[in-house]
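# Have a look at this fold, sequence not included:
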C-alpha cells in the first residue's frame, strides 16, 4: 500500500468512526400527511383580515401577477431601450394592454410581445409573455424600482448567476419560466407540461406566495372552522395548518423557507404542500461555482437560506448555546414592515441583540467603532444582483486575512468595504488587535477553493480528502472537495465518495451517491443500499440510480423509482433526472418506461450532437440490449453504434456487439468478437465462461461445447447470489 493510500485510509477511518452510528441516512421516510386542497388567500382573509393586510404589503404578494395598472410600476411609455443586438420598446396599445416591441438589428424582423405577467414589485419587476407552446418566457427588459429605470434582463440574470457572459445573446425562448422558476412565485402551481406535444397548459391558484404556500393547503381547516368545531385532540394536520413559530423546530423552519430560498437545482417539481422540504425535490448547489466567492459566501443573487444554514448563529455559537437562528428570527411576513423585517430603524440592531445581550449593553466596546450597526460588519452589502447591494446572510466576522491571502475577487471583507483607501493588510492588523486572528483552518479551506479555481492540479487528493471528510467543515467546502474528487481517477479519490454516503449531512450523502453514480463499482453496493431508506427523496433516487449503474437489478429499487415517478407529471424534467430514471427503469425491467425516458433524453439539447457522456452511451447501450432480447437486431444496431462512439468499449458492450453479430447471421465475425472478449477477461468468471461458451457454440466441437456449457452453468449458479453480476447473469441466461 502506498503512503498516499495509507494517509487516505487513516483519514477515512477516523471520520467513519464518527459517522458509523448515523441515523439520518437510514431512518425511514415519514408517512405523507393526509392531503387537503388549496382554497386561496381571499378565503383565508374572511377570518384573518388583519394577517392578510400585512401580507399584501410584502413582496411575496406580488411575486407573479397578471399585468394591470395596480401591479405594473415600470414605465411603459414608448421610449426605446438600445442594445447591440436589438431595440426594445415598452408601450401600451390603444386598449391599454402592455406590449414590448423588439426590433432585431440583424435584419430578421420585429416582434410584438404581449406582456402578460409581472414578476415582483420590491426590488425589480420583470415581465413574461406567453409563447405559442403555452410556456411563459422572460422578456428582454426589467424595471429597477430603486433607480426607476429599465435594465436589460440578460444583464440582471448575469448578476444573479455571477456569470457575466452567460446570457449575452438573449432570446425569450431560451428563458422559460414555467419549469424552472414559477413554482416559487405562485401558489399551487402546475406547469401542465405535455411531453408528447411539447406544450403547456399551466394552472395556478394565484400568482403570489400566498397564505397556503407557508401554512399548507386549507380546505380541511376551512371546513372545520365553518362547522364551528372546537379544537381538541383531533385538531391535527390537515385540519390544523402549520404555524411556523409554534410547530417547527429550526430545521423545519429552514426547510419551509428553503423550498424557495435555498440555492438548489430543481430535479423534480416543487410540490405545492409546504410540508415537503427542498431536499425531497432538489439537489443542493452549495458548492463552488458561479455566484459564489471562494469563501462560500454568495457573490450573485443570494438564496439566503443556503448561507444562513451554515452560519455560526444558525448552528449555535459558544456564546449563546442552544440558540439557533432561522429566517423568522429576523423576518416577519405579518409585521407590516419593509423587507418583512421583525425590527425596523432605529431598533434594527435588535435583530442581533435579541440574542447577543452582553454586546447590546456595550456595543462600542465590541465594535471599536462609532455609529456602526451590527449588520455593517457581519452582514455587509457585498453581493451583486437585484440592485447590487444585497446583504450577506452568512453572518461571519470580517476576515481581512482571507482577502490578503486569496484576493478580494475571491473573498472581499466588510472592513475594506468601508475603508476602501486601506489595504487588506492594514485591515487585518487592526482586526487582529481588537479580535481574534482568522482561524487557520478557514484560511486553508478558502485557499483550497481559490487554488481549485486557478490551477486544480496543484491541489492534492490528500488535501481534498481532508476537507471532504472533515465533519466540522462547512458543507460548502465539503461539497466542493467531493465534486473535485469525483472528477479524479484512482481509489484514493474514490474512497471519500464512498464514505460520504453515510454522512450526517444530507447534501454530503447526495454528493457521495452522485459521485458513485458517475463512477460505479460493484464494491459499493452495500453502502448505497443503506441510502434507499434515506429521509431525502432525491438521495433515495440518486442511490437507486447509482445501484442500477453498479449492476443491481430487482425490486429493491422500486420504492425509489415510485418516489421519482410521483414528481414527473408536474414539470418538464431536466436531462439528469431522465438519466437516473432510465437506469432505474431498466434495472427494474420496466422496459416501456426505459424506452420512453431514453427517447426523452434524445430530444434534449445536450444530446443534439450525440450522447454527451459515458452515462448517455450506457443508456443507449441498455436500450440496445433490450431490443436484442426482443429480436430486433436492426433497431439494436442503431443504438449500439451510437453507444460505441466517443469512448472505449466496456466488456458488456463488447458482449452485446458480439451477440448482435450473431443475430445478424455474421457467424465468423461473432465468433471472433466473442474470442476477443474471452481473451480479455479472467478465467473462471461469468463473463469469461459466457464468451468461451459462445465461441464453442459457433465454431467448437461437440465436446468443447458440452464442457463450456458445464463451466458456464457453474458460474451462473455462483452469480445468482451476487447482485453485482446481474447484468452478466441476464446475458448468460438469455443467450
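On my side now, so go ahead. Quick caveat: nothing in here was measured; it's all calculated off a predicted structure.
# And this structure, what are its domain boundaries?
For the chain, automatic domain parsing gives the domain ranges 54-200, 284-449.
# Pull out the buried residues from stretch 631-651.
633, 636-637, 639-640, 642-644, 651 (16 or more other C-beta atoms under 10 Å). (Each C-beta comes from the backbone N, C-alpha and C, glycine too.)
# hmm, back to that, looking at the domains of the chain, which is closest to residue 503?
Of all the domains of the chain, domain 284-449 sits nearest to residue 503, with 12.8 Å by C-beta to C-beta.
# Show the end-to-end separation of the closest one, please.
One end of domain 284-449 sits 18 Å from the other (C-alpha to C-alpha, to the nearest Å).
# Let's have the domains of the chain in TSV, adding distance to residue 661, mean pLDDT and mean neighbour count.
TSV is the format used below for those (distance: least, C-beta to C-beta, whole Å; pLDDT from 0 to 100; neighbours: other C-beta atoms under 10 Å):
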stretch	distance to residue 661	mean pLDDT	mean neighbour count
domain 54-200	35	88	17
domain 284-449	45	87	18
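# Columns distance to residue 224 on top of these, output as a markdown table?
Converted to a markdown table, these look like this (distance: least, C-beta to C-beta, whole Å):
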| stretch | distance to residue 224 |
| --- | --- |
| domain 54-200 | 20 |
| domain 284-449 | 22 |
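# quick one: contacts of stretch 49-68?
41, 44-45, 71, 98, 115-123, 127, 182, 184-186, 204, 207-211, 213, 333-336, 340 (C-beta atoms under 8 Å, 6 or more residues apart in numbering).
# can you give me the helices for the stretch 551-700 of the chain?
With DSSP state H, counting those that start in this stretch as the criterion, the stretch 551-700 of the chain has helices at 558-567, 575-588, 591-602, 614-629, 633-644, 651-663, 667-680, 686-699.
# Adding mean pLDDT, write those helices out as a markdown table.
Shown next, in a markdown table, are the helices of the stretch 551-700 of the chain (pLDDT from 0 to 100):
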| stretch | mean pLDDT |
| --- | --- |
| helix 558-567 | 90 |
| helix 575-588 | 91 |
| helix 591-602 | 93 |
| helix 614-629 | 94 |
| helix 633-644 | 93 |
| helix 651-663 | 95 |
| helix 667-680 | 96 |
| helix 686-699 | 95 |
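# and the helix or strand hosting residue 463, average pLDDT?
Taking DSSP states H and E as the definition, residue 463 sits inside helix 461-468. Taken as a whole, helix 461-468 has an average pLDDT of 97.
# So which elements touch it?
helix 3-19, helix 440-454, helix 475-486, helix 491-500 (3 or more C-beta pairs under 8 Å, 6 or more residues apart in numbering; DSSP states H and E).
# ok, the spatially closest residue to residue 716 that is not a sequence neighbour - contacts?
Among residues not flanking residue 716 along the chain, residue 732 sits closest, at 5.3 Å (C-beta to C-beta, 6 or more residues apart in numbering). Contacts for residue 732 (C-beta under 8 Å, 6+ apart) come out as 686, 690, 712, 715-716, 719.
# Return the closest of the buried residues of stretch 631-651 with respect to residue 111.
Using C-beta to C-beta, the buried residues of stretch 631-651 come closest to residue 111 at residue 642, 37.2 Å.
# The closest one reaches residue 618, doesn't it?
No: counting by C-beta atoms under 8 Å, residue 642 does not reach residue 618; the two are 11.4 Å apart.
# what's next to stretch 717-729, contact-wise?
With C-beta under 8 Å, 6+ apart, stretch 717-729 has contacts from 522-523, 525, 550-554, 652, 686-687, 690, 716, 732.
# Can you point out the buried residues in that stretch?
Quick answer for stretch 717-729 (16+ other C-beta under 10 Å): 719, 723-729.
# and those residues as a markdown table, adding pLDDT?
Listed next are these as a markdown table, based on pLDDT from 0 to 100:
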| residue | pLDDT |
| --- | --- |
| 719 | 91 |
| 723 | 76 |
| 724 | 77 |
| 725 | 86 |
| 726 | 85 |
| 727 | 88 |
| 728 | 92 |
| 729 | 91 |
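# which two in those are spaced the farthest apart?
Across the buried residues of stretch 717-729 (C-beta to C-beta), the longest gap, 11.4 Å, separates 723 and 728.
# that older thread, restricted to strands, list the contacts of stretch 49-68.
Using DSSP state E, 98, 117-119, 127 are the members of these that sit in strands.
# before we move on, back to that, closest one to residue 298 among the helices of the stretch 551-700 of the chain?
Between the helices of the stretch 551-700 of the chain, helix 575-588 lies closest to residue 298; by C-beta to C-beta that is 23.4 Å.
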